[in-house]
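Student: Pasting the sequence and the predicted model now:
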Amino acid sequence: MDNIQHETRIRRLSNFFGVSTSNIIEAHVEDLDSDEDDKSPLSDDESSNCSELCNYYDLKVLYESWDEYENLRETFRESLPGILGSNDTRKCIFLSNEEDAGITSISPIEDDLKRALSALTKNKNNTWVNEISRIIINSLQGIESTLCVLQADSKNTIDYDNLYTELSIGVITNIIMETKDNMGECELNRLAIFKCSKCNKITTYLFNEGEQQDMCGKCWSDYKD
């Protein structure tokens, strides 16, 4: 993420909360200091041993750099049209008769969606993947139900396949990733952590400027000063 994007984001947050940009940076740094002990990277063994009882945000995902984070997000975005599939595929209903769960319905996109979310989070948090998949599928079912009502009006000439895809991509993106609509309050932001290339501390956000790459808020603020 370049300097213009950083300054734009900080300016938007400043306007949203009605405070100065310096207050936004200071608040971010204070939040990092207070949460430092809770954001240590987790080993693969700790991730794989997570039980259903744990909070699915407890297992943080450490990204090696902002570039890795951006590349994984872009790959996820590009996979969405293929995951959503055609209208005929969406109408299919699969039944699962697992021993522990009994007979339950399964969305036809569930497996592909979980694979994409697992890749996005580097296969580090299966509990998060399962819960977010449930949230997304419920949301998409709401879209499908609404479009079914609209289709009852024979006078409509809307391409419902394209409309479903566009709406669904928008909903999924807004749930998972930072957009101008959610102001950073998204599911992936609550999970992702990084290591500052300058001080090696764990942070929830990275800044890049010139040759200074992948810096935490404090190091970036010191560099700007």
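Tutor: Thanks, I have the structure now. Numbers count the residues shown, from 1 in each chain.

Student: Do a quick rundown of the helices in this structure.
Tutor: 3-17, 21-35, 44-48, 66-84, 87-90, 110-120, 126-151, 160-176, 217-224 (DSSP state H).

Student: So which elements touch the longest one?
Tutor: When contacts are defined as 3 or more C-beta pairs under 8 Å, 6 or more residues apart in numbering; DSSP states H and E, helix 126-151 sits against helix 110-120, helix 160-176. From N, CA and C alone the C-beta is placed, and that goes for glycine too.

Student: for those, which one sits closest to C196?
Tutor: Nearest to C196 among the helices and strands packed on helix 126-151 is helix 110-120; the distance by C-beta to C-beta comes to 22.3 Å.

Student: I would like the residues contacting the closest one, please.
Tutor: The contact list for helix 110-120, computed with C-beta atoms under 8 Å, 6 or more residues apart in numbering, reads 72-73, 75-76, 79-80, 82-83, 107, 126, 128-130, 132-133, 136-137, 176, 188.

Student: then that helix to CSV, C-alphas only?
Tutor: Written as CSV, here are the backbone C-alpha positions of helix 110-120 (Å, rounded to 0.1, in the frame of the first residue of the first chain):
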residue,chain,number,x,y,z
GLU,A,110,-19.9,-24.3,0.5
ASP,A,111,-16.9,-26.5,-0.3
ASP,A,112,-15.4,-24.0,-2.8
LEU,A,113,-16.1,-21.1,-0.5
LYS,A,114,-14.3,-22.8,2.4
ARG,A,115,-11.3,-23.6,0.2
ALA,A,116,-11.0,-20.0,-0.9
LEU,A,117,-11.4,-18.7,2.7
SER,A,118,-8.8,-21.2,3.9
ALA,A,119,-6.3,-20.1,1.2
LEU,A,120,-7.0,-16.4,2.2
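
Student: Please point out which parts of that helix sit buried.
Tutor: Neighbour-count burial for helix 110-120, with 16 or more other C-beta atoms under 10 Å as criterion, is recorded at E110, D112, L113, K114, A116, L117, S118, L120.
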